[in-house]
Each structure stands twice: as structure tokens, then as C-alpha cells.
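Novice: Predicted model follows, preceded by the sequence.
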Amino acid sequence: MKVVHVNKTDAAGGAAVAVRRIHSALMKSGVESSMLVEVQKTDEVPDIHCTSNSAWEKGLDFVHFVAERLKILPHEQHRMMRYNFSIANAGRDISTLPEIRNADIIHLHWVNQGFLSMNSLEKLAELGKPIVWTLHDMWPFTGGCHYAGTCLEFNEHCGFCPFLSKPGKNDLSAICFRQKRELYKKMNISVVSCSQWLDSLAKSSALFHKKPCFNIPNPIDTDIFHPLDKSACRKALGLPTDKRLLLFGAAKVTDIRKGFRFLMEALSIISDNFPAVAKSIELVVFGKACAELRAQNAGFKIHEMNFINDTATLVRLYNAADAFILPSLQDNLPNTVVESQACGTPVVGFRIGGVPEMVEHKKTGFLAEAKNSLSLANGIYSMMFFDHTHKRDAVAEHASKLFGEKMIAEKYMEVYEQALRNNG
């Protein structure tokens, strides 16, 4: 069985990390797996192929990216929401590439920002091959948004989109939704969601409710992500050994959806009510735009780790922390939660999206009430007294049971085999 995974990039963002891990898990299980990406930045795993190898091809990719942004710009509600909405009006045709032609299964992942267009997807459908699509956000079944918030228009037909400056019955989301509906009629799609939360939304959506849907979490390699000596990790990273370290990270830490302001409010509550505890707390932040957090006047010392693309450093970072904080307002199945728990570090996060499926409340972390800074503060305070020497192995074991590579690979192989049978 030959499977090709199609994703925008092999490195930047949670989807890229998840794809590499799925690809690696499948190869270890004997599947002939490969990756096809527009932007290649790593050689962490073998059999990654790039669609753009010349200056001309890379220039064309940029043109596709700009073409989509320019189309959306007149409809943009606010620049802070600029990348929360995609329409896939421009992209490349990958249907003629050997990696696609030789594959038995085309496995789509995150294909936005000018990589694949609606026409590109139609070209893939015309090949008649089974298509498996792992959802890393809601875009495949909405009229353009990646996370819909409280909007449920996608259950019937998008329109009146809250992400657009002039929402209406026939706005940009309605047009994109109609295009997807016509496209999906031609596609033999099996839909995989990384969380039960996203799976339930996909099954209730107008676009996917008649398609076969599966729930398979993202895998983690526990030979790499596992507990290490906390003090040694802190020394190796130049972090203090006598402080309580809270870890926060995201692809872009200033993204409103990642909820950093709720973390700041929670720490302010701790500072006001437990000043002695607050004096022992310092923040460690990794991801893009770390420096921008200084302007928010956190009141706590922040150690800026910036963007980390070295796995060994990332493992040390999780092990160095007393708790990982995830104040996201909407999320699917964050890799950071899996990684942290695999390293034995508890997670404090809001009870949203797929997070309750990952964190065992008051055992492997703390589930705070959504958008409730006081509840988040209670969770952080609770984790400050977490017995790491006794419980961190149990946290790691919990992650291994839920996200082990072999189990996840077997589930994907079952989906592939069913898709091939259905394709006749």
C-alpha cells in the first residue's frame, strides 16, 4: 500500500508536526508512506518530497499566496483575523506529480495559503483514487473559516459570516461553501478528525455528514518524548533551578485564539491573592513573536525561547517546566498537550475543543472553565503543588496509552483498507 501525505509544509505549525508523526508511525508499521509539501524545511524523517524546487516554482507559489490574500482583503473584517479565513481560489495542480500518480491513497492534511485551490482538489478527484482527509481545523467543512467559534452556519449552508466585513446571504463564505459542496460530490473522501470534538462537528456538517468519518488522534514517539531529569534540563537550557516554571507556547504566541491574555489575568489573580507563591513563578514562552509579549507588561519574568525546531531542545523544555499552560479559546488536539504529558509534565488548559479528551482532570492536569481566568488561576495554583516525583511517570503513561504510534498507525491502516474497498 502506497500512501502520500499532502501538506503545505513539513515544519511550521501543528499540522506539519502531526503529519510527520503520522508518516513516521506508518513507516514503522510497514506502510510505504511519503510526504509531499510545498515548503520543505527539515530532513527529520525520510521520503519527504517538495513540489517547488526551482526559483520559478517558488515564485509561482508566492503568487498563489498573494492572489488569495488580495481576493479576501476587500472582505476582511480586521487585520488580526487575516489568516483565520481562506478561500482556496489559487494554488497548484499536483495531480501529475509522480508521488501522486504512484500512490494508492492520497492523504490530504492542511493545504491552505495558496498551496491547493478548489481546482487543484478537483484534479485530484478526477484521478479516481481514494482520498483520506485528516482535519487539523474546521476549514474543510466551512465556507472559509478555520475555527467557527460559536457560529454553526456550516451545519446547513454558510453565509452571514462573522469573519467578513459585510456578512450576507451570498457573501464570500456562501460562495466558497457552494464550491466545496459541488467538489465533494466528485470526491471519494474518508474524513479523519484528530479529536472527538472535531469529529462530532464534521459529522453534523452539511458537507461531510454523508461521508465516512473517523476519530484518530495524532501519535507521539515516546522514545523521544519522555521524562528526563528536571534539574539537568533546566541547567542545559539556562533556566533557573529554584523557580516554579510555567510553560506557554504556540506557532504564533500572540494569536488571539491562543488566549495569552487569560494567562496574564490568571497570574494577576495569583499575585493579588498569593504574593509569596507569585514570587516563585516565572514564565517560559516558545513560538513566533515571543518578544511582542513584553509589551503586555506581564509582571512576571519571561524567558523567551522563540521558535524551536530542534526536538531535543523541545523535550528538555517540557521536562524543565512544572506545568504547561494552554489557555486556548478553541483548539482541536494540540500537539503541545500530547508532548507535555508524554514528558510527564501536567497541563492546565480550558475545557474546550479536544482538550478534555487529552487531560485527565486533577490527575494529568487541570481543566479550567472556558474563558474563566479565575478557574485558570486555580488550576495553575493546584499544579504548583503537583508531586512531580510521584506522578510524572503516570502522566507520561497516560499519554503513551492514548497516543502511542503503533495503535494510531493501525487505525489509519484500517481507514485506508476500507477506503480502497469502497473505491472498488
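Specialist: Structure received.

Novice: And what about the residue sitting furthest away from the middle of the chain, helix, strand or coil?
Specialist: Centroid-distance maximum for the chain: residue 276 at 36.0 Å, with C-alpha atoms, centre = their mean. What DSSP: H, G, I helix; E, B strand; the rest coil gives for residue 276 is helix.

Novice: And the nearest residue to residue 343 once chain neighbours are set aside, how close does it get to residue 77?
Specialist: Among residues not flanking residue 343 along the chain, residue 318 sits closest, at 3.8 Å (C-beta to C-beta, 6 or more residues apart in numbering). Using the backbone N, CA and C atoms, a C-beta is placed for each residue, glycine as well. Separation of residue 318 from residue 77 (C-beta to C-beta, to the nearest Å): 36 Å.

Novice: what does the model give the residue nearest to the spatial centre of the chain for pLDDT?
Specialist: Centroid-nearest residue in the chain: residue 14, 3.6 Å away (criterion: C-alpha atoms, centre = their mean). Here the pLDDT value assigned to residue 14 is 82.

Novice: How about the one 10 residues further on?
Specialist: Reading off the confidence values, residue 24 has pLDDT 93.

Novice: need the contact list for residue 305.
Specialist: Counting by C-beta atoms under 8 Å, 6 or more residues apart in numbering, residue 305 makes contact with 237, 249, 284-286, 290, 317.

Novice: you'd agree the residue nearest to residue 343 is up against residue 225?
Specialist: Yes. Counting by C-beta atoms under 8 Å, residue 318 does reach residue 225; the two are 7.3 Å apart.

Novice: which neighbours do those two share?
Specialist: Taking C-beta under 8 Å, 6+ apart as the contact rule, residue 318 and residue 225 both touch 339, 342-343.

Novice: Can you lay out these as JSON lines showing neighbour count?
Specialist: Shown next, in JSON lines, are the shared contacts of residue 318 and residue 225 (neighbours: other C-beta atoms under 10 Å):
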{"residue": "339", "neighbour count": "24"}
{"residue": "342", "neighbour count": "26"}
{"residue": "343", "neighbour count": "29"}
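
Novice: will you turn the residues you listed into TSV that also has pLDDT and secondary structure?
Specialist: TSV is the format used below for the shared contacts of residue 318 and residue 225 (pLDDT from 0 to 100; DSSP: H, G, I helix; E, B strand; the rest coil):
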residue	pLDDT	secondary structure
339	93	helix
342	94	helix
343	95	coil
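
Novice: what's the burial count for residue 25?
Specialist: Neighbour count of residue 25, defined by other C-beta atoms under 10 Å: 24.

Novice: repeat for the one 5 residues further on
Specialist: Residue 30: 10 surrounding residues under other C-beta under 10 Å.

Novice: need the contact list for it.
Specialist: Listed by C-beta under 8 Å, 6+ apart, the contact set of residue 30 is empty.

Novice: Looking at it now. What's its pLDDT?
Specialist: 93.

Novice: Dump stretch 347-365 to CSV, restricted to CA.
Specialist: This file holds the C-alpha atoms of stretch 347-365, laid out as CSV (Å, rounded to 0.1, in the frame of the first residue of the first chain):
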residue,chain,number,x,y,z
VAL,A,347,-1.2,20.6,31.5
VAL,A,348,-3.5,23.3,32.7
GLY,A,349,-6.0,24.3,30.0
PHE,A,350,-9.5,25.4,29.3
ARG,A,351,-12.2,22.8,28.9
ILE,A,352,-12.6,23.4,25.1
GLY,A,353,-12.3,21.5,21.8
GLY,A,354,-10.4,18.3,22.1
VAL,A,355,-8.5,19.2,25.3
PRO,A,356,-10.9,17.3,27.7
GLU,A,357,-10.2,14.1,25.7
MET,A,358,-6.4,14.5,26.4
VAL,A,359,-6.2,15.8,30.0
GLU,A,360,-7.5,13.8,32.9
HIS,A,361,-8.8,16.4,35.4
LYS,A,362,-6.7,16.7,38.6
LYS,A,363,-4.7,13.6,37.5
THR,A,364,-2.7,14.6,34.5
GLY,A,365,-3.5,18.2,34.6
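
Novice: so how far is that stretch off the chain centroid?
Specialist: In terms of C-alpha atoms, centre = their mean, to the nearest Å, the centre of stretch 347-365 is found 16 Å from the chain centre.

Novice: buried stuff in it?
Specialist: For stretch 347-365, burial by neighbour count (16 or more other C-beta atoms under 10 Å) applies to 347-350, 352-360, 364-365.

Novice: does residue 140 really touch residue 134, like I thought?
Specialist: No. Residue 140 is beyond contact range of residue 134, at 9.5 Å (criterion: C-beta under 8 Å).

Novice: gap between the residue nearest to the centre of the chain and residue 210?
Specialist: In terms of C-beta to C-beta, residue 14 sits 28 Å off from residue 210.

Novice: what does residue 236 give?
Specialist: Distance, residue 236 to residue 210, by C-beta to C-beta: 52 Å.

Novice: Those two - which one has more neighbours?
Specialist: Remark: of residue 236 and residue 210, residue 236 carries more neighbours, 16 against 10, as counted by other C-beta under 10 Å.

Novice: Check which helix or strand that one maps to.
Specialist: Assigned by DSSP states H and E, residue 236 belongs to helix 230-237.

Novice: Which stretches in the stretch 201-350 of the chain count as helices?
Specialist: Assignment of helices within the stretch 201-350 of the chain using DSSP state H, counting those that start in this stretch yields the ranges 230-237, 260-273, 275-279, 311-320, 335-342.

Novice: Fine, thanks again, bye for now.
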